[in-house]
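Visitor: Sequence below, structure please.
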Amino acid sequence: MLPMDLAERGDVTSLLDAWTGGDPQALGRLLPLVMDDLRAVARRHMARENPGHTLQPTALVNEAYLKLVGRRQVHLENRVQLFSVLAETMRRILVDHARRKKAARHGGAVNTVPLDKVFGLSTPVDVDLIALDDAMKDLASIDRRRHDVVHLSYFGGLTLEEVAAALDISIITVRRDLKAARIWLLGELRRDSSG
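Guide: Purely as a prediction, here's the structure:
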């Protein structure tokens with residue numbers, strides 16, 4: 001993710017405050033400040049999708065933005081929270097797209113995601129995107145912090161330092177949680193694919 005300078009980070013926070021305070025124009029002024037970074041997050045999501053996916057990164061950002069605009073009850077205090085919410089929204093959009101595609105084919109082809117790209121594995125492993133989403137939900141119910149570490153780093157595109165700051169934990173803890181979550185998720189996904 002491209003680093004923002006301190007002035008832009010301050011502008012993002014001010015515009016988020018204005019938006020949650022009721023200024024409907026603030027989110028529109030915010031988008032140009034974060035669009036390049038959001039496209040980078042969307043490209044990360046799309047890189048994990050099968051070739052020929054009907055959504056493009058910019059369309060994914062736009063759809064996530066429209067969903068955020070519709071969620072007036074959300075309170076975002078800073079850039080990390082904004083990226084977390086938008087990354088989760090992008091993931092939900094892709095999972096919903098995969099569910100619709102699977103339903104349309106009556107259980108036919110499953111939308112897979114190359115897990116080696118998600119977790120930096122040395123050997124290619126493709127998993128069902130819906131199974132990955134289910135495993136992430138299970139991880140959230142078992143260990144919310146590990147879920148959040150995976151979500152912010154792999155799906156949100158935040159650096160380890162940004163994840164540590166967002167969750168108020170050390171970088172060592174981020175690394176440890178990533179490793180433990182990766183092992184747990186891989187175990188769940190293997191169990192799901194064999195059963």
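Visitor: Just the strands from this protein, written as ranges.
Guide: Secondary structure of the chain (DSSP state E): strands located at 112-114, 126-128.
Visitor: rank the ones you listed by mean pLDDT and give me the bottom one.
Guide: Mean pLDDT values for these show the minimum at strand 112-114, a mean of 57.
Visitor: The top helix by length along the chain: how far from the chain's middle?
Guide: Using DSSP state H to assign secondary structure, the helix with the most residues in the chain is helix 79-104. Offset of helix 79-104 from its chain centre (CA atoms, centre = their mean, to the nearest Å): 7 Å.
Visitor: now for it, which elements pack on it?
Guide: Contacting helix 79-104 under the criterion 3 or more CB pairs under 8 Å, 6 or more residues apart in numbering; DSSP states H and E are the following elements: helix 6-20, helix 26-47, helix 57-70, helix 129-142, helix 160-167. In short, each C-beta sits where N, CA and C put it, glycine included.
Visitor: any chance of these in TSV, plus distance to Asp96 and mean pLDDT?
Guide: Output for these, formatted as TSV (distance: least, CB to CB, whole Å; pLDDT from 0 to 100):
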stretch	distance to Asp96	mean pLDDT
helix 6-20	25	75
helix 26-47	13	83
helix 57-70	10	82
helix 129-142	10	89
helix 160-167	26	88
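Visitor: could you redo these as JSON lines and give each row distance to Gly187 and mean neighbour count?
Guide: Listed next are these as JSON lines, based on distance: least, CB to CB, whole Å; neighbours: other CB atoms under 10 Å:
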{"stretch": "helix 6-20", "distance to Gly187": "38", "mean neighbour count": "16"}
{"stretch": "helix 26-47", "distance to Gly187": "24", "mean neighbour count": "17"}
{"stretch": "helix 57-70", "distance to Gly187": "29", "mean neighbour count": "17"}
{"stretch": "helix 129-142", "distance to Gly187": "9", "mean neighbour count": "17"}
{"stretch": "helix 160-167", "distance to Gly187": "22", "mean neighbour count": "18"}
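Visitor: Same list (those) but as JSON lines, adding distance to His97.
Guide: What follows is those, written out as JSON lines (distance: least, CB to CB, whole Å):
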{"stretch": "helix 6-20", "distance to His97": "27"}
{"stretch": "helix 26-47", "distance to His97": "11"}
{"stretch": "helix 57-70", "distance to His97": "10"}
{"stretch": "helix 129-142", "distance to His97": "9"}
{"stretch": "helix 160-167", "distance to His97": "26"}
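Visitor: Nothing else from me, thank you.
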